[in-house]
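Undergrad: Need a 3D model of the following:
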Amino acid sequence: MSSTDILLISPFPKAFGINEATIEPPIGLAYLAAVLEKAGFNCAIIDANILKIDNTALLDQVKKIRPQIIGISSNVVTVRSSIDLAKEAKAIFPDIPIILGGPFPTSLPLRTLELSSADAIVLGEGWLNV
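TA: Below you'll find the predicted structure:
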């Protein structure tokens, strides 16, 4: 078992016309990690926006962490990055389940699955589903 069971990621947005005031800290991922850790899972969070790292650098970090599950948050600002990240991660780590959650996958779950190659979608508030 790896030291990190579940890696939760907030991707760097590939959106134009936004500013730092439109990007929020991944508080939902922090809630989810807290609930998962209380249930006995070891979690890590990468906020690619605060680190200013693209998907290539992000996947390099994932290789070092080697989680058992990858969860990616997606909203209207990060949807392009999250879908691309899910596809790239699945190509590199075909045996690691990739799960997308957040407002965008909740609003369009089947379309998000189709576009992203993710294994699953979490609907609604993920920490309430643990």
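
Undergrad: what distance separates the start and the end of stretch 12-27?
TA: The first and final residues of stretch 12-27 sit 15 Å from each other (C-alpha to C-alpha, to the nearest Å).

Undergrad: pLDDT weak spots in this structure?
TA: Where the chain drops to pLDDT under 70, the residues are 1-2, 15-24, 126-130.

Undergrad: Dead centre of it: give me the residue that sits there.
TA: Centroid-nearest residue in the chain: residue 72, 1.2 Å away (criterion: C-alpha atoms, centre = their mean).

Undergrad: Can you report how many residues lie near residue 60?
TA: Residue 60 is flanked by 10 other residues according to other C-beta atoms under 10 Å. (Glycine included, C-beta is placed from N, CA and C.)

Undergrad: Tell me the spacing between it and residue 75.
TA: 24 Å (C-beta to C-beta, to the nearest Å).
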